[in-house]
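Student: no sequence on hand, only this structure:
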C-alpha cells in the first residue's frame, strides 16, 4: 500500500495517481488550535479544478482544540477493498465542502492518504 502525505494541505489539488486507484484510508491531523472546521475533498480526476470539479467524497475535518491535535480518520471498505476512483486520485482541503478557498497557512492540516493501484 502506498502513502501520499501532505504536511500542510491546502486548496491546491494534490495529484496522487493517474489511473484506477483504490483509496484504503485517510487520516487528517489538525495541529492548529485556532483552525475552523475544514473539508477534505477527494476527486476521481487527475487534475481537478478545486471549486469547479465536483468531489467524489468529502470528509469533514473537526475544528482545532486548545492543547491537543484533532484527528479525523476514514477507512473505506467494500467488496473489493476501498474507494474506487477509476480515472485517478487527487485531493484538496477547503473551508467549505465543495468550495475553492483553502485554510490559512497555520491552519493547514496534515493529510495521509493510503492507496493501491486498482485492477
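Tutor: Perfect, I can see it now. Since we're looking at a predicted model, the values are computed, not measured.
Student: tell me the bridge partners for residue 17.
Tutor: For residue 17, the beta-bridge partners under DSSP bridges are residue 89.
Student: from residue 103, how far off is it?
Tutor: Computed as C-beta to C-beta, to the nearest Å, the residue 17 to residue 103 distance reads 24 Å. Yep, even glycine has a C-beta here, placed from its N, CA and C like the rest.
Student: higher neighbour count, those two?
Tutor: Comparing residue 17 with residue 103 by other C-beta atoms under 10 Å, the one with more neighbours is residue 103, at 22 against 19.
Student: what about that one, which helix or strand?
Tutor: Secondary structure here is read from DSSP states H and E; on that basis residue 103 sits in neither a helix nor a strand.
Student: which residue is the nearest non-sequential neighbour of it?
Tutor: Distances taken as C-beta to C-beta, 6 or more residues apart in numbering place residue 38 nearest to residue 103, at 5.5 Å, with adjacent residues excluded.
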